[in-house]
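1. Kindly generate the corresponding structure for this input.
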Amino acid sequence: MVHSASYSASDEGMHSKKPINILMVEDNPMDALLTVEILSESEKNSYRSDIVKDGFEAISYLHKRNGYEKTLRPDLILLDLNLPRLHGFDFLTKIKTEPELKIIPVCIFTTSEAEGDIEKAKELKADCYFIKPLNLDEFESRISGIVANLLP
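-> This is a model prediction of the structure:
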């Protein structure tokens with residue numbers, strides 16, 4: 001089941017702009033909640049975040065099936081790697097082979113520091129790879145950096 005949240009920037013002029021749609025593929029509810037909270041505090045943009053807990057749900061979301069028929073196309077996908085049912089790399093491989101989906105920026109946001117995972121993410125055409133920090137301030141800084149560098 002998808003969990004949605006919409007957040008508007010505090011700047012009144014931002015309310016007329018279309019929100020930036022982010023799909024989070026994240027099985028850790030605390031990481032998802034923290035990310036949504038950080039996005040809600042943005043003064044630059046408005047964000048609409050949908051959260052799915054595994055790669056199978058994300059595929060259904062992107063193909064608008066199995067209860068996701070009314071979803072919006074994401075402007076960015078934040079992807080954890082260690083997911084139940086369908087690993088993040090398997091999800092990434094699938095969407096990067098589909099012409100209509102491969103243009104969506106995908107940012108890996110994971111706890112894995114393994115050099116092999118970083119190299120594999122590059123091979124599979126992930127747009128960026130960030131390691132989730134344990135420090136709250138660093139976590140906030142990473143999320144802010146991701147959206148600042150990958151979105152208008």
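2. in which helix or strand would I find Ala32?
-> helix 29-40 (DSSP states H and E).
3. what does Arg48 give?
-> Going by DSSP H and E, Arg48 is in strand 47-52.
4. just checking, what packs against that strand?
-> Packing contacts for strand 47-52, counted by 3 or more C-beta pairs under 8 Å, 6 or more residues apart in numbering; DSSP states H and E, involve strand 3-7, strand 20-25, helix 29-40, helix 55-62. Placement of C-beta: from N, CA and C, glycine included.
5. Run a quick neighbour tally on Glu57.
-> When neighbours are counted by other C-beta atoms under 10 Å, Glu57 registers 25.
6. Distance of it relative to Arg85?
-> Glu57 sits 8 Å away from Arg85, going by C-beta to C-beta, to the nearest Å.
7. Point out the other elements, helices or strands, that the helix holding Ala32 touches.
-> strand 3-7, strand 20-25, strand 47-52, helix 136-150.
8. got the ones you listed as CSV, with mean neighbour count columns?
-> Converted to CSV, the helices and strands packed on helix 29-40 look like this (neighbours: other C-beta atoms under 10 Å):
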stretch, mean neighbour count
strand 3-7, 15
strand 20-25, 24
strand 47-52, 23
helix 136-150, 15
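9. okay, the ones you listed in a markdown table with distance to Leu76 next?
-> Formatted as a markdown table, the helices and strands packed on helix 29-40 follow (distance: least, C-beta to C-beta, whole Å):
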| stretch | distance to Leu76 |
| --- | --- |
| strand 3-7 | 14 |
| strand 20-25 | 5 |
| strand 47-52 | 9 |
| helix 136-150 | 6 |
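10. Tell me which of the ones you listed sits nearest to Thr71.
-> Closest to Thr71 of those is strand 47-52 (C-beta to C-beta; 6.6 Å).
11. and that closest one, which strands flank it?
-> Strand 47-52 has the following strand partners under DSSP bridges: strand 3-7 (antiparallel), strand 20-25 (parallel).
12. any chance you could read off phi and psi for Lys96?
-> In terms of degrees, to the nearest 10, the main-chain angles of Lys96 are phi -80, psi -10.
13. do Ala126 as well
-> phi -70, psi 140.
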